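1. using only what follows, build the 3D model:
(chains A and B)
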Amino acid sequence: MKEIRVRFAPSPTGPLHIGGARSALFNYLYAKASGGKLIIRIEDTDIERSSRQSEENILESLKWLGITWDEGPDIAGPYAPYRQTERLSAYGEFTKRLLAENKAYYCYCSPEELEAQRQDFMAKGELPRYNGKCAELTEMEKARLEAEGRIPVIRFRVPLNQDIVIHDLVRGDVIFESNGIGDFVIIKSDGLPTYNYAVVLDDALMKISHVIRAEEHLSNTPRQIVLYEALGLELPLFAHISLILGKDRSKMSKRHGATSVVQYKELGYLPQAVVNFLALLGWSPAGEEELFSMEELIANFSLDRVAKNPAVFDMDKLSWINGMYIRKSPVSEIAHMALPFLQQAGYVSGSPTEDEQKWVELVAAALQEHLATVGDIVEHMGILAGEDVTIESDEAKAILHEETFPLVIRAFQEKIAQLPELTPESIKPLLKSLTKELKLGGKQVYMPVRIALTGKMHGPELFYVIPVLGKELIAKRITKTTQEAGVQF
RNA sequence: GGCCCGGUGGUCAAGCGGUUAAGACACGGCCCUUUCAAGGCUGUAACACGGGUUCGAGUCCCGUCCGGGUCACCA
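-> Residues are numbered from 1 along each chain as shown, chains lettered A, B, ... in the order given. Next up is the predicted model:
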């Protein structure tokens, strides 16, 4: 059986886009599910916009997501190199052959002339495409044009009157007429191949068996197919997955919010959550489970459960999934992820002490259940840090005026004074014993203590809040809130 | 505009000629709970429209409408 080889071929012109990430993921899942290989190929023939920095960023984002590859620019492999600009020498003989067989020709039209042509077509209401002006130049004409200092491109001569059919794995057969495609450029005037040419050569040369990519490439595919045929190369199987749309149903872009993978990382999303969410965008599992680890995705993935219709990026669902993963993660991991956010907000020093690290761990434990993203942690810190407390409402204030309040708060203070160290484990029984000894309902103990300590009626479990605050802050905040409420005890 | 792809609740989606048209997110209610969150139960809500084909159409065909993609010396 033929080896399954799929590829993700980003152009390094910016950070990894969320849509690109999903293409990469589907390729990865397909490769893993079928025992095949994933190849990363960098399509950097647009030298103006490509950068090595973007390439590194893209590879880093893929790694962050947990997508690994078998061959690529950083690990080489049997079909190296994996950067298009380093593969140029391999293209020459193919181009020569096309030229020799008259399947391609030099074109001397300048950009200005092409633009004028296009305007002409548009004005006449015809489809704008290359008019074939240079298709049949004689040697003499070529020499003259070259003497003018014109640098030619090479165009592919698209065969006329042909139906080109794509047997698409997700869409079924898609048919294009070759007459709808004008002779297109395969070699630019700078000598570099265009995308449509390089992609065909590389996919063929790298023995790619399945091309899984976004739907925006569907209308390019007939160009590529005619090239495969002209060169006598074996066609891969194609699978075009639909696009990811923004809330207004247009293609995802900056104005829809975060579009790159790094942005999600920076906002405090977990890679497993992003992967899980992306997988569900356009693919659906056979069962009703929605939460999948990478291993489970691999075990369940198949191309025939990939949807044809575009999907709107639903931030709410991403947040929900992320929250699920945050709750499932060990506290230490959340603490680790939370640290930079807390540092940036000034709650923790640049190089945290051991005590600070323990404190962050407590904070993470307290807030873990409440977060949609790790970055959200900062919004909750008012309750857990600082001397600054204000009572949020008259309703809260009234609770401090209940007649049992002095009793409760005094007993509470006595109890924590006896503890050498405040820990969730020690506070939990302490609070319980308080209700018992005072013969009060839970609410009559927990609520006044909560308000005295935080000024709020809601928040994380008290047995977390108390150790996070520590004895000193507790004393200060009690003084402050009781003063504000005007209660003696 | 030409060509191509798509159209099931607000969103993601299951469905492959016969179902009370799943499930999830979001939203509302109830329960649990010291609060909130989580969790459990529950409710509102959909086959774009019009013609066919068929005993029977969300499912097949055609048209209309709507959305998207693409028409580069970008990828």
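2. and the strands in chain A?
-> A:5-8, A:37-40, A:104-107, A:153-156, A:163-168, A:172-177, A:185-187, A:210-214, A:237-241, A:244-245, A:311-312 (DSSP state E).
3. deepest of the ones you listed, which one?
-> Neighbour counts averaged per stretch over the strands of chain A are highest for strand A:5-8, at a mean of 25; criterion: mean count of other Cβ atoms under 10 Å. C-beta coordinates here come from the backbone N, C-alpha and C atoms, glycine included.
4. residues in contact with that strand?
-> A:20, A:23-24, A:27-28, A:30-31, A:36-41, A:62, A:69, A:203, A:206-212 (Cβ atoms under 8 Å, 6 or more residues apart in numbering).
5. buried sites along whichever helix in chain A runs longest?
-> Across chain A, the longest stretch assigned as helix under DSSP state H is helix A:462-485. Judged by neighbour count (16 or more other Cβ atoms under 10 Å), helix A:462-485 contains these buried residues: A:462-469, A:473-474, A:477-478, A:480-482, A:485.
6. wait, doesn't A:I164 sit right on A:G180?
-> No - A:I164 is not in contact with A:G180 according to Cβ atoms under 8 Å; the separation is 9.3 Å.
7. could you tell me how many residues sit around A:I391?
-> 22 (other Cβ atoms under 10 Å).
8. then A:M457?
-> By other Cβ under 10 Å, neighbour count at A:M457 equals 14.
9. mind listing what it touches?
-> A:392-393, A:395-396, A:399, A:447, A:450-451.
10. A:V158: what's its closest spatial neighbour, skipping adjacent residues?
-> Excluding the flanking residues, the one nearest A:V158 by Cβ to Cβ, 6 or more residues apart in numbering is A:I181, at 5.0 Å.
11. name the nearest of the contacts of A:M457 relative to A:D190.
-> A:E392 (65.2 Å; Cβ to Cβ).
12. which residues touch the closest one?
-> A:455-457.
13. any chance of those residues in TSV, plus pLDDT and distance to A:E266?
-> Listed next are the contacts of A:E392 as TSV, based on pLDDT from 0 to 100; distance: Cβ to Cβ, whole Å:
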residue	pLDDT	distance to A:E266
A:G455	96	31
A:K456	95	29
A:M457	94	33
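14. looking at those residues, which one is closest to A:E296?
-> Nearest to A:E296 out of the contacts of A:E392 is A:K456 (Cβ to Cβ; 39.4 Å).
15. measure the closest one to A:V465 for me?
-> A:K456 is 10 Å from A:V465, where distance means Cβ to Cβ, to the nearest Å.
16. pull up the overlap in contacts between these two.
-> Common neighbours of A:K456 and A:V465 (Cβ under 8 Å, 6+ apart) are A:383, A:450.
17. what about A:Q272, neighbour count?
-> Neighbour count of A:Q272, defined by other Cβ under 10 Å: 20.
18. meant to ask about A:L235, not that
-> So A:L235, with other Cβ under 10 Å, has 15 neighbours.
19. residues contacting the residue most central in space within chain A?
-> Centroid-nearest residue in chain A, with Cα atoms, centre = their mean: A:V261, separated by 3.3 Å. Residues near A:V261 by Cβ under 8 Å, 6+ apart: A:15-18, A:21, A:61, A:64-65, A:274.
20. returning to that earlier point: turn the contacts of A:M457 into CSV, including pLDDT.
-> Below are the contacts of A:M457 laid out as CSV (pLDDT from 0 to 100):
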residue, pLDDT
A:E392, 92
A:S393, 89
A:E395, 92
A:A396, 94
A:I399, 94
A:M447, 96
A:R450, 97
A:I451, 97
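21. restricted to helices, list these.
-> A:395-396, A:399, A:447, A:450-451.
22. make a PyMOL selection of whichever of those residues turn out to be buried.
-> Here is the PyMOL command that picks out the buried ones among the ones in helices among the contacts of A:M457, judged by 16+ other Cβ under 10 Å:
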select buried, chain A and resi 396+399+447+450+451
